[in-house]
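> Okay, sequence plus prediction incoming.
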Amino acid sequence: MRLPPALPPALLPALLTGFLVIPLVPNTVSADPVAPPAPAVRDFGNGPERNEVAADVPERAEARTAAQSEQPGILSHERGYPRRTRLPVPPENPADASIKLGLVPHHGIAPRLNDLQQRGDRVSAQVVGRSYGGRDLYLVTVTAPESAAETREQERIRERIENDPAAAARDRKLVRTYKAPVFVNANIHGNEWEGTDAALRVIEELATSKDPGIADLLARTRLYFNITANPDGRVSGVRQNGAGFDLNRDFVTASQPEVRAMRQIMIDAQPVTVIDLHGYVNGTLIEPTTPPHGANYEYDLFIQNAYANGLGMEAAVNGLGYTAEKDGVYPAQIPFRDSAEGWDDWPPIFTPQYAPFHGAVATHTVEIPLRVNGSDYTQQPVEELRRRSAINTDVAAAAIRATYNFVRDRHDRLIADQIEVFRRGAAGEPSKAVPLGIVPGFGPEDVYTTTFPRAYVITGRRSEAAAARLVDHLIANDVRVERARQAFRADGRTYPAGSYVVDMRQPKRGLANVMLEAGADISPRVDAMYDISGWSHGLLWGAGVDAVTSLRVRADPVKAAAPTGSVPRTPGALALKVADAKDVLALNDLLAQGTAVTWADGAAIVPAAARPAARAVAERYGVAFSPAGTPAGTSAGTPLSRVRIAAAASADELFTLRELGFAVTPVSTAALNAGYDWSGTDVLFVSSGLSYTALNPAARAALDAFLSTGGVITRGGTGAAFNAAAGLLTATAVAGRGDANGVVRVRSAGGPAGGPVSGQVGGGSPDHSFVYSPRWFIGLGPEVTVEQSYAAEGPLVSGHWRPDADGSGGQDAARGQAAVVSGRDERGAAVVLFGTEPMFRNHPKGLFPQVARALYWASSVTGAAVKG
Ligand SMILES: [Zn+2]
């Protein structure tokens, strides 16, 4: 289910000890089968802070520099169907969590698919990628046999629908020839298992059916099944993948390999309809959703199709005959029809809210009814669990069958509507306000629109490396990007040759806009949101991004961003400004090689002797060195070595710190109480799972000794509590509303003249930051420097931030307040406190260097990093 990634604090100790492999999911929604149906609306209130899970994620060697655009196409168009690919079978794993439920373990999937491929000519299976934990991801295509020529013809039509939609719309033969693609995505949450088993059941039915209706279906459609989107989570019985990420939050960022595989399936297959199988909500929850609705969809087309398929799935699920009295199964519910708000399709972080940008015109989360995860998994008898799982599998299979029947019955219209989505984009038509009553119950509260600019211009004025990253990300998402041949003017500004241009007259302009636009502050319109309400690659990824109203430029399409690395010819020492995550990677690489580097005012200084090493990392990471120069009075800086971090942090923060090339050891209250050797640590990072007051006397004494020479970075409520309890900086943290989140305007500044630090942590940061459960700092002592403050206007640019019921904790209270502060405490510890969320779900790439600068500064001023 789409629960927020927060766990009740009571569960933390068990999780931190690491012996639990059992899913721990809060039960805010999942009703016991005998309880009355739970509403789809949940209340964040001021519950546990998000991400309060110290996930001890195993470090995995990965190519850190691989551009996300490197994912090749998944579907070959040179061979017909079936393909009869022999899938490798993984070793048997008796500990697979599926087994207890009587469901197929991950190692059992490949044998089943190998068998199904032999039982007729309708099923083709392939491996489309690997999970973070290295497990195969299986895509199954079910369709009537095709010759290679027929497959090429299908691809030619698909390509025409996307790239020449106006002509495709006029071609009356097209819908007679084209097989409508349908995508069934299963088990994206690892401990919501049965979608996988239902998919396998339906594939078997389709493979062996003698029903002429099925033959007709397979002649007119291609059905794609992602058998388990999250094999790591399936095997270990947890929601997240092996990196601790909720994959159904990752679609705008695509930090995880499983999500990049799903993205590529959607791009290559271009489905008209998508269902994403989850659990557990009783009665079965079937989208479409409540408001707010994403403003970048062609919602008039979407809601008509999605509501129709929702009603069809509801009828099929209720038609199974399960009852509340007999089985504990309540009638299905459709949030769009049955709830006021709280189950929205605003952020495109979920599968069904991302797929429409690739042409899907009916997409659905389906939540099957009977809970088998969490405490039920451990406490219910096996027979009861298996009874529930059998019913859940029936429900998921009914939803799949209803969906393919819907696509068969509405075949021509779905294709025509997909063409219309791309046609509006290519023509650059304005956002359409959906007519009220377009489907029953569609009211003013459902109307959301946006304004598409003529184009976006992406420049390297802040960082060439950041611009390149954003361009590669857009291309990986199948957004068209061009590069200006000459300098050009737009909206009164001059842009240099080589600037990137995203012409918004393109088929997937909705996706381009949802990533590049600032977004909207929807606080006034909605009381409660399901998950995040703000994101923005345009504002948070560190590139210069401008929306422009006119476009006159000669530009060439690009397949990848141009190389950005450089080293000046001028002899002498080199400076590397830490302005982008790639700068951090390059610097950490140099430090790992043992290069003698110093840290001075937010930049790394590399001696002339290390020029070859600098040239190598410039090329490897695309970073630009500049001449260090030695103006009079400038210090040569403090020696720096690789920063070793002890981190009591959430999974996304651990992932991000490691991705940046830092040496990270996860710690927790329990780990410190068990005796922790601080000699290998330069900086302690605290945001989750560490309480100073819960440390035993020995652990506290060891930590206090570390604090006389080490650095401390904290984030959020747990971090602020640690700062107070450990007596670090004189600063009182004030909490904003717990569910407030989004993009905020910030001011970064150097410290006061003559102050103890130069404000090098905040200095050079983007003008925007990201918050979730925001905090700010008041009552600052003389040792404290404000690195960054919330702007006096807003500060929310996009997202949702209302005051608490008593009027406190709102945006107005945060205006002008300190968001990030630094200082040396009296023991000597170098401390930085973040009230923002600079590493949230690995999304705000432009904020990562701020964290890195905090780490370099803290380790260099204390001399901690010199010890090692
Ligand atoms: Zn789920």
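All right, it came through fine.
> what pairs with the residue in the stretch 351-500 of the chain positioned nearest to the ion across the strands?
Closest contact between the stretch 351-500 of the chain and the ion, by C-beta to the ion, is at residue 367 (7.1 Å). The C-beta positions use only the backbone N, C-alpha and C, and glycine is treated the same way. Following DSSP bridges, residue 367 is listed with bridge partners residue 278, residue 285.
> and the longest helix anywhere in the chain, which residues are buried?
Criterion DSSP state H: the longest helix present in the chain is helix 382-409. Of the residues in helix 382-409, 385-408 count as buried by neighbour count, 16 or more other C-beta atoms under 10 Å.
> for it, what is the average pLDDT?
Helix 382-409 carries an average pLDDT of 98.
> As a check, name the ranges of all helices in the stretch 501-650 of the chain.
Secondary structure of the stretch 501-650 of the chain (DSSP state H, counting those that start in this stretch): helices at 509-516, 537-540, 581-592, 611-621.
> Out of these, flag the one nearest the ion.
Using C-beta to the ion as the measure, helix 509-516 is the one of those that comes nearest the ion, at 21.8 Å.
> Mind giving me the packing neighbours of the closest one?
In terms of contacts (3 or more C-beta pairs under 8 Å, 6 or more residues apart in numbering; DSSP states H and E), helix 509-516 is packed against helix 411-427, helix 464-476, helix 537-540.
> That one to helix 411-427, inter-axis angle?
60 degrees (axes from the mean of the first three to the mean of the last three C-alpha atoms, to 10 degrees).
> Which one of the helices and strands packed on helix 509-516 lies nearest to residue 127?
For residue 127, the closest of these is helix 464-476, at 19.9 Å, according to C-beta to C-beta.
> Contacts for the closest one next, please.
Helix 464-476 is contacted from outside by 67-69, 71, 254, 260, 263, 458-460, 481, 500, 502, 512, 515, 537, 541-545, 558-562, 564, 579-583, 621-624, 845-846, using C-beta atoms under 8 Å, 6 or more residues apart in numbering.
> Just the buried positions in that helix, please.
Under 16+ other C-beta under 10 Å, the buried positions of helix 464-476 are 464-476.
> Could you do stretch 670-683 as well?
Buried residues in stretch 670-683 (16+ other C-beta under 10 Å): 670-672, 676, 678, 681-683.
> Just give me the closest of those to the ion.
When the buried residues of stretch 670-683 are compared against the ion (criterion: C-beta to the ion), the nearest one is residue 670, at 28.8 Å.
> thinking again about what came up before, same list (the helices and strands packed on helix 509-516) but as a markdown table, adding distance to the ion.
Converted to a markdown table, these look like this (distance: least, C-beta to the ion, whole Å):
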| stretch | distance to the ion |
| --- | --- |
| helix 411-427 | 25 |
| helix 464-476 | 25 |
| helix 537-540 | 25 |
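> Check which element follows the worst-scoring helix or strand of the chain on mean pLDDT along the chain.
Lowest by mean pLDDT, DSSP states H and E among the helices and strands of the chain is helix 12-17, with a mean of 35. Later in the chain than helix 12-17, the nearest helix or strand by DSSP states H and E is helix 106-118.
> before we move on, the earlier item: could you double-check that the residue of the stretch 351-500 of the chain closest to the ion lies in contact with residue 289?
No - assessed by C-beta atoms under 8 Å, residue 367 is found out of contact with residue 289, at 11.8 Å.
> which phi and psi does the residue lying closest to residue 229 once chain neighbours are set aside have?
Of all residues not flanking residue 229 in the chain, residue 188 sits nearest, at 4.0 Å (C-beta to C-beta, 6 or more residues apart in numbering). Residue 188 adopts backbone torsions of phi -60, psi -30, taken as degrees, to the nearest 10.
> Also residue 138?
Per degrees, to the nearest 10, the backbone of residue 138 is at phi -110, psi 130.
> That one contacts residue 109, doesn't it?
Yes - using C-beta under 8 Å, residue 138 is in contact with residue 109, at 6.0 Å.
> Are there residues contacting both of those two? Which ones?
227-228.
> And these two? Which one has more around it.
residue 109 (27 against 24; other C-beta atoms under 10 Å).
> what sits against the more buried one?
138, 196, 200, 227-228.
> can I get those residues in JSON lines with secondary structure, distance to residue 704 and pLDDT?
Shown next, in JSON lines, are the contacts of residue 109 (DSSP: H, G, I helix; E, B strand; the rest coil; distance: C-beta to C-beta, whole Å; pLDDT from 0 to 100):
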{"residue": "138", "secondary structure": "strand", "distance to residue 704": "52", "pLDDT": "98"}
{"residue": "196", "secondary structure": "helix", "distance to residue 704": "50", "pLDDT": "99"}
{"residue": "200", "secondary structure": "helix", "distance to residue 704": "57", "pLDDT": "98"}
{"residue": "227", "secondary structure": "coil", "distance to residue 704": "52", "pLDDT": "98"}
{"residue": "228", "secondary structure": "coil", "distance to residue 704": "47", "pLDDT": "98"}
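> who wins for most neighbours among those?
Compared across the contacts of residue 109, residue 228 has the highest neighbour count, 31 neighbours, by other C-beta under 10 Å.
> And the closest residue in space to it that isn't next to it in sequence, its phi and psi?
Nearest residue to residue 228, sequence neighbours excluded (C-beta to C-beta, 6+ apart): residue 187, at 4.1 Å. Phi and psi for residue 187, reported as degrees, to the nearest 10, are phi 70, psi 30.
> in the protein, which residue is closest to the centre?
Nearest residue to the geometric centre of the chain (C-alpha atoms, centre = their mean): residue 250, 2.0 Å.
> Go ahead and confirm that residue touches residue 259.
Yes - counting by C-beta under 8 Å, residue 259 is a contact partner of residue 250 at 4.5 Å.
> re the thing from before, just the buried ones among the contacts of helix 464-476, please.
Judged by 16+ other C-beta under 10 Å, buried ones among the contacts of helix 464-476: 67-69, 71, 254, 260, 263, 458-460, 481, 500, 502, 512, 515, 537, 541-545, 558, 561, 564, 579-583, 621-624, 845-846.
> coming back round to it: run through the residues that contact the residue of the stretch 351-500 of the chain closest to the ion.
Listed by C-beta under 8 Å, 6+ apart, the contact partners of residue 367 are 1, 278-281, 284-286.
> And the pLDDT for the closest residue to the ion within the stretch 201-350 of the chain?
Nearest residue of the stretch 201-350 of the chain to the ion, counting by C-beta to the ion: residue 278, 3.3 Å away. At residue 278, the predicted lDDT confidence score is 98.
> can you count the residues close to it?
26.
> do you know how far residue 823 is from the ion?
Using C-beta to the ion, to the nearest Å, residue 823 is found at 42 Å from the ion.
> what pairs with that residue across the strands?
residue 784, residue 831.
> how about the residues of the stretch 151-300 of the chain near the ion?
Within the stretch 151-300 of the chain, the positions near the ion by C-beta under 5 Å from the ion are 189, 192, 278.
> And for the nearest residue to the second one once chain neighbours are set aside, the neighbour number?
Looking back up the chat, that one is residue 192. Nearest non-adjacent residue to residue 192, counting by C-beta to C-beta, 6+ apart: residue 279, 4.0 Å away. By other C-beta under 10 Å, 29 other residues sit near residue 279.
> Thought residue 366 was touching residue 279, still the case?
No - in this structure residue 279 lies outside contact range of residue 366 using C-beta under 8 Å: 9.0 Å.
> what bits of this structure have low per-residue confidence?
For the chain, the stretches flagged by pLDDT under 70 are 1-72, 630-635, 749-759, 863-868.
> From residue 628, how far out is residue 607?
9 Å (C-beta to C-beta, to the nearest Å).
> so what sits against both of those two?
Common neighbours of residue 607 and residue 628 (C-beta under 8 Å, 6+ apart) are residue 573.
> Settle it for me: which of the two has more neighbours?
Neighbour totals were compared for residue 607 and residue 628, and residue 628 leads with 24 against 17 (other C-beta under 10 Å).
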